[in-house]
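[1] got a structure for you, letters missing:
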């Protein structure tokens, strides 16, 4: 069956791929290069390097360590903790023993006081930490002795270990209770991680140098230059010209590097969803039947094949295949345009002479916002609008900067990204629980469903693995009966990597990628190939 018009690859994407493929052959990868250094391209520049403002929230920041970190299989292992944390029998208290002889980049000694100061600052409104809401289960953090910390919880919280990957700051940096956007830790961070920040030219590049005193051993990669190159096509051209040792590229551009000597294309599966938020305050998107119909109207596999070169998987909820035990097979929307139309008709949305539906004088028309510089979100927005039009719904696309998007998120639809493969609670609860309604990018559409809330609460408060599976499958069934969004796809992340180093390990990624995750998630373990 042919693709709907909006699902055909855009002329711009095809032209860009042809243009990049026609560039000159890249310079020989090993000619005169110092392989103790890497120069990497990144499509995104962080606003801050402060963990309390969300930097390295999934535990691989390079500059900071948490108490725990991740292995390649995404299981947790000790980092600043000396051994796995010990929960109490009732799950209401966790005790963490700390490593000895760890130092911060400035030479100061790491100890329990730093862990306590970091988590207390994260919880104290005076510090205005953006990670505060995600730590609401913590009721108290106390120093037991110089190398032991105890966390007391307000209720049992099954995935608490994942909250211990937060980067730890020196207590001296947190002595003054003030909003963290004023803290020098945002631009001059001091951590215990394998690399330290040497330079940051905003809008241009960041330079990291190896931490010779790193507790886990001095990294063999001595220097990392991270160049911020936002435009996909320009990034591909500069990489082909030999400027970069690697970087992220959309699938259609990454494919042009396949077979080139000295390069390889790396594809990582991910839990990184793209969804269309349907605000409940909007007279069109707030209608349950409209949300259900648009979920049925989406040709998700067609979008993946035409726009992503097959690099992705259909999404109906935010539970990814990377967490297979939690996936509910019945909670998947089929592509059924006829059923979408019947759903709209039954709800009173009737087609007019121009093909657009209306109900009680309200046209089935709404705006869909997306960040203007994001080609993937733009293409998905166009495909969404095309499929919506086919069932009589008019979608007006607006590519804007985030400063213009954020004030409108409560009323206008938005192409939103997020997700991680670590535990279902970590994204499901803040994205869809009613207590997070209108909390920034957490539940921006103010979705509320009592059955969803109850299942999400059960999933996080029980420590029994089987009961957690039951709770999250019930959450998905309740959600697809009353969807608050139109999930479209889980993206594969594609990268071009220059040969010449050992240490690469494949990993399933969260929404966060590029330099922090990506092929370089374990860069401290890399070494030049001899």
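    Perfect, thanks for sending it. All figures in this text were calculated on a predicted structure; none of them were measured in a lab.
[2] for this protein, which spans come out with low pLDDT?
    Residue ranges of the chain with pLDDT under 70: 1-32, 514.
[3] longest single helix anywhere in it?
    helix 465-481 (DSSP state H).
[4] Show me what counts as buried in it.
    Of all the residues in helix 465-481, those buried under the rule 16 or more other Cβ atoms under 10 Å are 468-469, 471-480. No exception for glycine: its C-beta is placed from N, CA and C like everyone else's.
[5] cool, and stretch 127-145?
    For stretch 127-145, the neighbour count (16+ other Cβ under 10 Å) marks 127-132, 134-135, 137-138, 141, 143 as buried.
[6] nearest to residue 292, of these?
    residue 134 (29.9 Å; Cβ to Cβ).
[7] if I read this right, the closest one contacts residue 163, doesn't it?
    Yes - using Cβ atoms under 8 Å, residue 134 is in contact with residue 163, at 7.2 Å.
[8] Residues contacting the longest helix of the chain, please?
    Helix 465-481 is contacted from outside by 158, 295, 316-317, 319, 325-328, 330-333, 424, 428, 432, 449, 451-452, 455-456, 458-459, 462, using Cβ atoms under 8 Å, 6 or more residues apart in numbering.
[9] could you redo the last one with a cut-off of 7 Å?
    The contact list for helix 465-481, computed with Cβ atoms under 7 Å, 6 or more residues apart in numbering, reads 158, 316-317, 319, 325-326, 328, 330-331, 333, 424, 428, 432, 449, 451-452, 455-456, 458-459, 462.
[10] Please, a PyMOL command that selects the buried ones among the residues you listed?
    Buried subset of the contacts of helix 465-481, written as a PyMOL selection, criterion 16+ other Cβ under 10 Å:
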select buried, resi 158+316+317+319+326+328+331+333+424+428+432+449+452+455+456+458+459+462
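[11] Any chance you could list what contacts stretch 120-139?
    With contacts defined as Cβ under 7 Å, 6+ apart, stretch 120-139 is touched by 52-54, 57, 119, 141, 151-155, 157, 163, 166, 174, 177-181, 430, 439, 442.
[12] go on, stretch 455-462?
    Contacting residues not belonging to stretch 455-462 are listed as 155-158, 424-425, 428-429, 432-433, 468, 471-472, 474-475, 478 [Cβ under 7 Å, 6+ apart].
[13] let's go with 6 Å and repeat that
    155-157, 425, 428-429, 433, 468, 471-472, 474-475 (Cβ atoms under 6 Å, 6 or more residues apart in numbering).
[14] which stretches of the chain form helices?
    According to DSSP H, the helices that the chain contains are 11-21, 112-123, 232-240, 251-254, 288-297, 300-307, 337-346, 375-389, 402-405, 425-432, 450-461, 465-481.
[15] by contact count, what packs against the third one?
    Here helix 232-240 touches helix 11-21, going by 3 or more Cβ pairs under 6 Å, 6 or more residues apart in numbering; DSSP states H and E.
[16] switch to 10 Å and redo it
    Here helix 232-240 touches helix 11-21, strand 37-42, strand 223-228, strand 246-248, helix 251-254, helix 375-389, strand 493-498, going by 3 or more Cβ pairs under 10 Å, 6 or more residues apart in numbering; DSSP states H and E.
[17] got the angle between that helix and strand 223-228?
    Helix 232-240 runs at 150 degrees relative to strand 223-228, counting by axes from the mean of the first three to the mean of the last three Cα atoms, to 10 degrees.
[18] what's the answer for the fifth one, then?
    Compare the direction of helix 288-297 with that of strand 223-228 by the same axes, to 10 degrees and you get 120 degrees.
[19] Let me know the angle separating helix 288-297 from helix 465-481.
    Here the directions of helix 288-297 and helix 465-481 differ by 100 degrees (the same axes, to 10 degrees).
[20] change the start of the numbering to 57 and stick with it
    In the new numbering, first residue 57, that becomes helix 344-353.
[21] From the contacts of stretch 176-195, list the buried ones, please.
    108-110, 113, 175, 197, 207, 209, 213, 219, 222, 230, 236, 486, 498.
[22] Go through those residues and say which is closest to residue 100.
    Nearest to residue 100 among the buried ones among the contacts of stretch 176-195 is residue 110, at 12.7 Å by Cβ to Cβ.
[23] Strands along the stretch 207-356 of the chain, start to end?
    251-257, 261-266, 279-284, 302-304, 319-324, 329-333 (DSSP state E, counting those that start in this stretch).
[24] quick one: which of those strands is nearest residue 439?
    Short answer: strand 329-333, nearest of these by Cβ to Cβ, at 10.5 Å.
[25] Would you mind pulling up the elements that that closest one packs against?
    Using 3+ Cβ pairs under 10 Å, 6+ apart, the elements in contact with strand 329-333 are helix 344-353, strand 368-370, strand 421-427, helix 431-445, strand 469-474, helix 481-488, strand 541-547.
[26] rewinding a little: which of the helices and strands packed on helix 288-296 sits most buried?
    Most buried of these, by mean neighbour count (mean count of other Cβ atoms under 10 Å): strand 302-304, with a mean of 26.
[27] So which elements touch that strand?
    Packing contacts for strand 302-304, counted by 3+ Cβ pairs under 10 Å, 6+ apart, involve strand 93-98, helix 288-296, strand 319-324, strand 549-554.
[28] quick one on the thing from earlier: would you format the strands of the stretch 207-356 of the chain as a markdown table with distance to residue 91 included?
    Formatted as a markdown table, those follow (distance: least, Cβ to Cβ, whole Å):
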| stretch | distance to residue 91 |
| --- | --- |
| strand 251-257 | 16 |
| strand 261-266 | 14 |
| strand 279-284 | 11 |
| strand 302-304 | 13 |
| strand 319-324 | 15 |
| strand 329-333 | 36 |
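[29] closest one to residue 134 among those?
    Nearest of these to residue 134, taken as Cβ to Cβ: strand 251-257 at 19.7 Å.
[30] quick one: strands adjacent to the closest one?
    Using DSSP bridges, the strands paired with strand 251-257 in its sheet are strand 261-266 (antiparallel).
[31] quick one, what contacts the closest residue in space to residue 283 that isn't next to it in sequence?
    Distances taken as Cβ to Cβ, 6 or more residues apart in numbering place residue 261 nearest to residue 283, at 4.9 Å, with adjacent residues excluded. Shown in contact with residue 261 (Cβ atoms under 10 Å, 6 or more residues apart in numbering): 95-98, 101, 255, 281-285.
[32] Same list, the residues you listed, but as a markdown table with distance to residue 566 please.
    Putting the contacts of residue 261 into a markdown table (distance: Cβ to Cβ, whole Å) gives the following:
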| residue | distance to residue 566 |
| --- | --- |
| 95 | 24 |
| 96 | 19 |
| 97 | 20 |
| 98 | 16 |
| 101 | 18 |
| 255 | 27 |
| 281 | 24 |
| 282 | 19 |
| 283 | 23 |
| 284 | 20 |
| 285 | 22 |
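[33] Please identify which of these is nearest to residue 543.
    Nearest member of these to residue 543, counting by Cβ to Cβ, is residue 98, at 26.3 Å.
[34] got the contact list for the closest one?
    Taking Cβ under 10 Å, 6+ apart as the test, what residue 98 contacts is 261-262, 282-286, 291, 300, 302-304, 569-572, 574, 576.
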